[in-house]
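Asker: can you look at this prediction? I've put the sequence above it.
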Amino acid sequence: MTEKQAVRDNLPRVPDTGVVGRGRELAEIIKALLDPDIPIVTLVGLAGMGKTALALAIAHRLREQGEFPGGIVWLNASIVQSLDEVWESVRETLDLPSPQAARRHLREHPTLLILDGLNEAVQDMEILAFLDRLPRPSKVLVTSRERVGLVGKELIVEGPKYKVEAALVGAVGDGAQVTTVVTGDRDIIPVTRWTITGEHARVAQGAAYEVKAKNYAAAAEAYRQILVSFDPTGLTDDDRRRCAEISHRMGTCLRLDGQWGPAVEQQEDTFRQFKKLRDFHGQGRAYLEIARAYQAMNSYDLAALYYRDAHRLFRRAGDVMLAATAKEELGNLEYYLHVLKPAMADWEEAARLYEQAGRPGKVAIIRQNLAQVQAG
């Protein structure tokens, strides 16, 4: 018990819904990290697959089990971009007097280093060499969108881009409540919590699981059933917000199912609902989805128009993150169309907004894109 209490770490907390249904992956990765013959474990997967949440859950589990008594050090690769900064972070987290003491500590005490988002860092060859030569018994857990080629075990993190948890509160039946938590890319299907009752609860739970299974047409139909069952007379503002939210999710599922025309119509209706509520954030989300649908239909002028309007609405709502997303996607579209000067201007604005939102990894990616365009 004493060693468990003495373990030092700088771990962020685990997201509330980040590891739903990931028991098999948790067990596999922990087993690999505890294997004395595996010095490095790399989690590779696309954005939105939950690599960071998975790594955090693993780290907290290992700490609770008393593994790695030398400490657990969390390193954000978007911020820590040089070997000197790595050693300084290790020294500071473990409360050691010097980087030299940190080196000795890793050789003498089992310590876990977690380097999150290696792809977003400027990949200093010194850092990669350091990871390959990390002294045992210490270990490294790396997350990356791309294969890094480090010695050790590489696991591909798979799963739906939109992870859904539906939890029933109380017994299912009249008056039952369901809270549906949808996670993933916040700009596509945002993290929200809303409560509905009775038969709506059962239908909403079914829609949630259809999204999880990527059965987007079935999910859209389930959301439509909820919408048509609302009595339009005597709706409260909360009811109207629920209807607008369900309408947005229905439209998003239609787009993901490739029904782009119906998706646009649904999101136009969503926009009108949010407009009546004077909800600029909701209006922006509807317009962002419309832009994506028009882009999928190769209607690029309309897509660009809606991206710009979404950006303005998000700015009016004070949502810097989604304002940056709209600008970035507009820049990506302009780059695809070889309209380079506007693309670079929009990327610059997106980078500035991401920086304001505290997303240095996104800033680094956009800066890299800008550098490539300028070099070419």
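Answerer: It's in. Numbering: from 1, shown residues only.
Asker: find the nearest non-adjacent residue to Ile72, please.
Answerer: Closest residue to Ile72 apart from its sequence neighbours, by CB to CB, 6 or more residues apart in numbering: Asp9 at 4.1 Å. The C-beta positions use only the backbone N, C-alpha and C, and glycine is treated the same way.
Asker: am I right that the one you found is in contact with Thr93?
Answerer: Yes: using CB atoms under 8 Å, Asp9 makes contact with Thr93 at a distance of 7.0 Å.
Asker: quick one, which of those two is more surrounded?
Answerer: Legend: neighbour count by other CB atoms under 10 Å for Asp9 and Thr93, higher for Thr93 (20 against 17).
Asker: does Leu298 belong to a helix, a strand or coil?
Answerer: Slight slip there: residue 298 is Asn, not Leu. Classification of Asn298 by DSSP: H, G, I helix; E, B strand; the rest coil places it in coil.
Asker: for Ile114, that is, sorry about that
Answerer: Here Ile114 is recorded as strand under three-state DSSP.
Asker: buried residues, the longest helix along the chain. List them.
Answerer: Longest helix in the chain by number of residues (criterion: DSSP state H): helix 237-256. Judged by neighbour count using 16 or more other CB atoms under 10 Å, the buried positions of helix 237-256 are 240-256.
Asker: so where do the helices sit in the stretch 251-376 of the chain?
Answerer: Secondary structure of the stretch 251-376 of the chain (DSSP state H, counting those that start in this stretch): helices located at 260-276, 280-296, 300-317, 320-336, 340-356, 360-375.
Asker: so which of the ones you listed is nearest Asp84?
Answerer: Asp84 sits nearest to helix 360-375 of all the helices of the stretch 251-376 of the chain, at 17.8 Å, using CB to CB.
Asker: elements contacting that closest one?
Answerer: The contact analysis (3 or more CB pairs under 8 Å, 6 or more residues apart in numbering; DSSP states H and E) places helix 360-375 against helix 320-336, helix 340-356.
Asker: count the neighbours of the spatially closest residue to Trp87 that is not a sequence neighbour for me.
Answerer: Excluding the flanking residues, the one nearest Trp87 by CB to CB, 6+ apart is Pro99, at 4.0 Å. Counted by other CB under 10 Å, the residues lying close to Pro99 total 15.
Asker: any idea how far Pro99 is from Phe274?
Answerer: Pro99 sits at a distance of 53 Å from Phe274 (criterion: CB to CB, to the nearest Å).
Asker: next one: Glu67
Answerer: Using CB to CB, Glu67 is found at 48 Å from Phe274.
Asker: thinking again about what came up before, now the helices and strands packed on helix 360-375 as TSV including distance to Ile40, mean pLDDT and mean neighbour count?
Answerer: Listed next are those as TSV, based on distance: least, CB to CB, whole Å; pLDDT from 0 to 100; neighbours: other CB atoms under 10 Å:
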stretch	distance to Ile40	mean pLDDT	mean neighbour count
helix 320-336	32	91	22
helix 340-356	29	93	19
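Asker: in JSON lines: the ones you listed, plus distance to Gln283.
Answerer: Below are those laid out as JSON lines (distance: least, CB to CB, whole Å):
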{"stretch": "helix 320-336", "distance to Gln283": "11"}
{"stretch": "helix 340-356", "distance to Gln283": "18"}
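Asker: can you tell which of those helices is closest to Leu134?
Answerer: helix 340-356 (31.3 Å).
Asker: what's in contact with that closest one?
Answerer: Residues outside helix 340-356 that contact it (CB atoms under 8 Å, 6 or more residues apart in numbering) are 320-321, 323-325, 327-328, 330-332, 334-335, 360, 362-363, 366-367, 369-370, 373-374.
Asker: kindly report the same for stretch 316-327.
Answerer: Contacts with stretch 316-327, where a contact means CB under 8 Å, 6+ apart, come from 186-187, 279-281, 284-285, 288, 291, 307-308, 310-311, 314-315, 346-347, 349-350, 353-354, 356-357, 359, 362.
Asker: which of Glu67 and Phe274 has more neighbours?
Answerer: Phe274 (25 against 18).
Asker: the more buried one and Tyr287 touch, don't they?
Answerer: No: assessed by CB under 8 Å, Phe274 is found out of contact with Tyr287, at 9.8 Å.
Asker: for Gln259, what are its contacts?
Answerer: By CB under 8 Å, 6+ apart, the residues touching Gln259 are 217, 220.
Asker: again, but for the one 10 residues further on
Answerer: The neighbours of Asp269, taking CB under 8 Å, 6+ apart as the test, are 247, 251.
Asker: tell me the pLDDT of it.
Answerer: As predicted, Asp269 sits at a pLDDT of 94.
Asker: which of the helices of the stretch 251-376 of the chain sits closest to Glu28?
Answerer: For Glu28, the closest of those is helix 360-375, at 25.9 Å, according to CB to CB.
Asker: and the closest one, which residues are buried?
Answerer: Neighbour count says helix 360-375 has 360-366, 369-370 buried, by 16+ other CB under 10 Å.
Asker: could you quantify the relative orientation of it and helix 340-356 as an angle?
Answerer: Following axes from the mean of the first three to the mean of the last three CA atoms, to 10 degrees, one obtains 160 degrees for the angle between helix 360-375 and helix 340-356.
Asker: now helix 360-375 and helix 320-336, what's the angle there?
Answerer: Helix 360-375 and helix 320-336 are oriented at 20 degrees to each other (the same axes, to 10 degrees).
Asker: heads up, I number from 787, so please use that
Answerer: Got it, first residue is 787 now, which makes that one helix 1146-1161.
Asker: what's the average pLDDT for helix 1146-1161?
Answerer: 83.
Asker: count the neighbours of Phe1100 for me.
Answerer: Neighbours of Phe1100 (other CB under 10 Å): 27.
Asker: was I right about it contacting His1067?
Answerer: Yes: with contacts counted by CB under 8 Å, Phe1100 reaches His1067, the gap being 7.0 Å.
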